[in-house]
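In: got a predicted model here, sequence first, then my questions.
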Amino acid sequence: MADLQTLEIPIKGMDCAECTQHVQHAIEKLPGVQSVNVFLGAEKAVVRLDPAQVDMLAIRAAVRGAGYDVPASDSPKVDPVSMGDASTRSAQDFNRRLTLLLISVFAIILSVVIFGEGLGWFDFLNDLIPFPLGVVFVIAGGYPVFRNVIRATLNRQVISHTLMTVGVIAALAVGQWVTAALVVVFMRIGDYVENFTTESARRAVKELTTLAPQTARVEREGVEVEVPVSEVRIGEAVIVRPGERIAVDGEVISGQATIDQSAITGESMPVEAASGTHVFAATIAKLGSLRIRAERIGADTTFGRVIKMVEEAEAHRADVQRIADQFSAWYLPVVAGIAGLTFLFTRNPLSTAAVLLVACSCSFALATPVAMLASVGASAKRGLLIKGGKYLESLARADVLLVDKTGTLTLGQPQITDVVPLNELSRTDLLGLAASAERYSEHPLAEAVRVLAREENAALVEPEKFEAIPGQGVQAIINNQTIRIGNRRMVPSAASLPIAAELEAQGKTLLFMERNHELVGILAAADTLRPEVPNALAEVRSLGIRHIELLTGDNERTASALAEKLGVSCRANLLPEHKINVVKEYQAKGHTVVMIGDGVNDAPALAQADVGIAMGTAGTDVAIEAAHIALMREDWNLVPDVLKIAKRTMNVVKMNLAFTTLYNLVGLSLAAMGFLPPVLAAAAQSLPDIGIMGNSARLLKQK
């Protein structure tokens, strides 16, 4: 089998979903191309191909043949320190440009209505200037549009401007060159509006990418050298001075600084970093300086992976977007049919031309992706990584919420509250053996055991053998003794102990320890509920979630105590595979299920859910990959926030689709009945894009 490669190719000139389809079809026809994904928001194509059969020259030629362009380079240089107010400046610039655009367009339309049609100026110009010269004006002004139409026709494609070009030809055929020229003017205005509409939606994504540092200061042979980020090597020492962006993911070797992590987590409160702290690319050292050992660079950093997922989020299209795309595909033939019927019944070529001119298929194609792009990009800047419109749509109609306990509802930092030695083992010896057995476990309870052992100066021993048993506990060999420490499933002999029942009745989680298959002790731990959880769950209920259920591997008593406190139902003693079954159970009943977990042990259930939300995933590979939505900081207030974003986004999408459908129906009807002159029809076709742009722009400003 041939060695396949994956290339990311920048594409310029795309302004709607129809454009992405043209590019995709052009590339996938090439021999050796295995798959193609084209992204409107990121302006790129991701192509999997056999390099022995196809190269960049062939791809560039195919893209250009479809009417678009592959630039030689698409990596603008950005000052990594001066981007602090980029979002604010861009939002202000957006508002100004939007206002000017709306005023300009409506001023042009008003002028056309009053001075052109009303005072007969068009007829005067048509008689004053010779027709051949008028045709020259039309061709010169419309050349870029006509060229794209000819290219599309040669590729057997029908685009929105195809019908308008036919309308121009119809106007020329009846000697109305002024009408044809004005149609060309409005075609060009429409192009600008479509480009501006799409660019407005891309803005949030592009502002995110501008935060990526371009250079790094590294220490080589005792000398500090500034190099492009791509040239930093793993393991090198990266120097960060006060006010600079950190260029890599890595561990602080020396120094101390206050870090602004808002680019990753969306949280404005800074954190303190010192030796041993893990820091992330694109965050800012506000105070102090650091030396960092580079562990991840460029696209492999947490921020780089966030950007990539945001850029490619549109690959996960919402069902409503697929419907809109399918509608766009057959809309133009339907309009052509209406135009044919208009001419058949009225014999009026200008009315027929008006039908062709008023049709706006791009508005249907833009209605969904523009809103989705705006929401996904704006959310990423707040620490909400949403992987596609599909998940926003599912989240907006979700009615069941399943929640993991440890690390999700609770802080995941339990403390050992009770140490109960059995069989004449001392407290210190019990803690020493337990901490030694748990030495390499990553479970929060294991860390609680190690913390208490250090505080009480218990002696730790290097385990000779260590094994983690998912959903149960750990087993280790220490001084030729087999130590097992875990829950009841691992140590069944503890089931009948009265002290265990008493501790569990207090809502505590128990760890039972065996030495050579003999029960020698019990450790009880209590976790702390996140303080914002009760209010967040109340808000979630108000947003349409009818059933909330706690899923945990803890025992029934501990789970019930917490569930009762929160007013939710619960299921306890669950292994990871059991959580998947619970998700499937609700899905089989027709529910739309949201699962919230920490993204590690819960990864399978997160993937199975209609929407999997991982909590506090900054720097966590498994969480970011497994979940459909990743909350980059541990804050339960983000859960109702993302629900609100989903509902607001879908409301905007529905408004966009309803508006453009109604607008086109009215326009086609007026044009077919002869009430809408060709000039006004051409002007009218660009207005739905302005409406969609203005409506979707609201999503760029999330509260």
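Out: That came in fine, so what should we check first?

In: gap between whichever helix in the chain runs longest and the chain center?
Out: Of all the segments of type helix in the chain, defined by DSSP state H, the longest one is helix 638-672. The gap between where helix 638-672 is centred and where its chain is centred comes out at 20 Å by Cα atoms, centre = their mean, to the nearest Å.

In: ditto for stretch 401-414
Out: 24 Å.

In: go on, stretch 14-31?
Out: Stretch 14-31 has its C-alpha centroid displaced from the chain centroid by 22 Å (Cα atoms, centre = their mean).

In: and the next element down the chain from the longest helix of the chain?
Out: helix 678-684 (DSSP states H and E).

In: how about the helices in the stretch 501-650 of the chain?
Out: Listed from the start of the chain, the stretch 501-650 of the chain has helices (DSSP state H, counting those that start in this stretch) covering 533-542, 556-566, 576-588, 603-608, 621-626, 638-672.

In: residue 172: which of those helices is closest?
Out: Evaluated over the helices of the stretch 501-650 of the chain, closeness to residue 172 peaks at helix 638-672, with 18.2 Å, by Cβ to Cβ. Where you see a C-beta, it was placed from the backbone N, CA and C, and this is true even at glycine.

In: in that closest one, what's buried?
Out: 638-650, 652-653, 655-657, 659-661, 663-664, 667-668, 670-672 (16 or more other Cβ atoms under 10 Å).

In: beyond the worst-scoring helix or strand of the chain on mean pLDDT, next helix or strand please.
Out: Within the chain, judged by mean pLDDT, DSSP states H and E, the helix or strand with the poorest mean is helix 86-111; its value is a mean of 54. Sequence order places helix 121-128 as the next helix or strand after helix 86-111, per DSSP H and E.

In: who are the packing partners of that following helix?
Out: helix 177-209 (3 or more Cβ pairs under 8 Å, 6 or more residues apart in numbering; DSSP states H and E).

In: quick check: mean pLDDT of the helix or strand just after the helix it packs on?
Out: The helix or strand immediately downstream of helix 177-209 is strand 215-220, counting by DSSP H and E. Model confidence over strand 215-220 averages 91 on the pLDDT scale.

In: pairing partners for strand 215-220, with directions?
Out: The sheet places strand 215-220 alongside strand 223-228 (antiparallel), strand 237-240 (antiparallel), with pairing taken from DSSP bridges.

In: adding mean neighbour count, write the ones you listed out as TSV.
Out: Formatted as TSV, the entries for these read as follows, by neighbours: other Cβ atoms under 10 Å:
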stretch	mean neighbour count
strand 223-228	12
strand 237-240	22
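
In: just put those in TSV and tack on distance to residue 41 and mean pLDDT.
Out: Formatted as TSV, those follow (distance: least, Cβ to Cβ, whole Å; pLDDT from 0 to 100):
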stretch	distance to residue 41	mean pLDDT
strand 223-228	25	90
strand 237-240	31	93
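
In: could those strands be laid out in a markdown table, adding distance to residue 344?
Out: A markdown table is the format used below for the strands paired with strand 215-220 (distance: least, Cβ to Cβ, whole Å):
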| stretch | distance to residue 344 |
| --- | --- |
| strand 223-228 | 64 |
| strand 237-240 | 72 |
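
In: out of those, which is closest to residue 560?
Out: Taking Cβ to Cβ, strand 237-240 is the member of the strands paired with strand 215-220 nearest to residue 560, at 48.5 Å.

In: residues touching the closest one, excluding its own?
Out: Contacts of strand 237-240 with the rest of the structure, by Cβ atoms under 8 Å, 6 or more residues apart in numbering, involve 216-219, 224, 232, 246-248, 250, 253, 255, 257, 285, 289-294.

In: now the buried members of the residues you listed.
Out: Burial by neighbour count, judged by 16+ other Cβ under 10 Å, picks out 216-218, 232, 246-248, 250, 255, 257, 285, 290, 292, 294 from the contacts of strand 237-240.

In: for residue 61, which three-state class applies?
Out: helix (DSSP: H, G, I helix; E, B strand; the rest coil).

In: who's in contact with it?
Out: Neighbouring residues of residue 61 by Cβ under 8 Å, 6+ apart: there are none.

In: could you check the pLDDT of it?
Out: The confidence metric pLDDT takes the value 88 at residue 61.

In: flag every buried residue along stretch 410-423.
Out: Per 16+ other Cβ under 10 Å, stretch 410-423 contains these buried residues: 410, 412, 414, 416, 419-422.

In: what residues go with each domain of the protein?
Out: 5-65, 87-207+311-372+648-700, 215-298, 387-411+529-636, 415-526 (automatic domain parsing).

In: now for the helix or strand hosting residue 259, which elements pack on it?
Out: With the criterion set as DSSP H and E, the secondary-structure element containing residue 259 is strand 249-260. With contacts taken as 3+ Cβ pairs under 8 Å, 6+ apart, strand 249-260 sits against strand 237-240, strand 271-273, strand 278-279, strand 284-296.

In: which one of the domains of the chain lies nearest to residue 71?
Out: Evaluated over those, closeness to residue 71 peaks at domain 5-65, with 5.5 Å, by Cβ to Cβ.

In: now do the same end-to-end measure for the closest one.
Out: Length of domain 5-65, first residue to last, Cα to Cα, to the nearest Å: 23 Å.

In: from the buried residues of stretch 410-423, which is closest to residue 51?
Out: When the buried residues of stretch 410-423 are compared for distance to residue 51 (Cβ to Cβ), residue 412 wins out at 46.2 Å.

In: show the pLDDT at that closest one.
Out: 68.

In: list the contacts of the closest residue to residue 489 other than its chain neighbours.
Out: What sits nearest to residue 489 in space, not counting adjacent residues and going by Cβ to Cβ, 6 or more residues apart in numbering, is residue 472, at 4.9 Å. If you count contacts by Cβ under 8 Å, 6+ apart, residue 472 has them with 486-487, 489-490.

In: most neighbours out of these, which is it?
Out: Across these, neighbour numbers were computed from other Cβ atoms under 10 Å; residue 486 holds the maximum, 24 neighbours.

In: thought residue 468 was touching that residue, still the case?
Out: No. Under the contact definition of Cβ atoms under 8 Å, residue 486 does not touch residue 468, with a separation of 9.7 Å.

In: between these two, what contacts are shared?
Out: Residues touching both residue 486 and residue 468 by Cβ under 8 Å, 6+ apart: residue 474.

In: coming back round to it: restricted to strands, list the buried residues of stretch 410-423.
Out: Counting by DSSP state E, the buried residues of stretch 410-423 place 416, 419-421 in strands.

In: can you redo these as TSV with distance to residue 396 and pLDDT?
Out: Output for these, formatted as TSV (distance: Cβ to Cβ, whole Å; pLDDT from 0 to 100):
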residue	distance to residue 396	pLDDT
416	43	91
419	49	93
420	49	93
421	54	93
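
In: wait, which of these is closest to residue 351?
Out: For those, the closest approach to residue 351 (Cβ to Cβ) belongs to residue 416, at 83.4 Å.

In: residues in contact with the closest one?
Out: Remark: with contacts taken as Cβ under 8 Å, 6+ apart, residue 416 is in contact with 448-449, 451-452, 523-525.

In: so where's the stretch 1-150 of the chain shaky on pLDDT?
Out: Using pLDDT under 70 as the threshold, the predicted model of the stretch 1-150 of the chain has low-confidence ranges 1-2, 16-17, 73-119.
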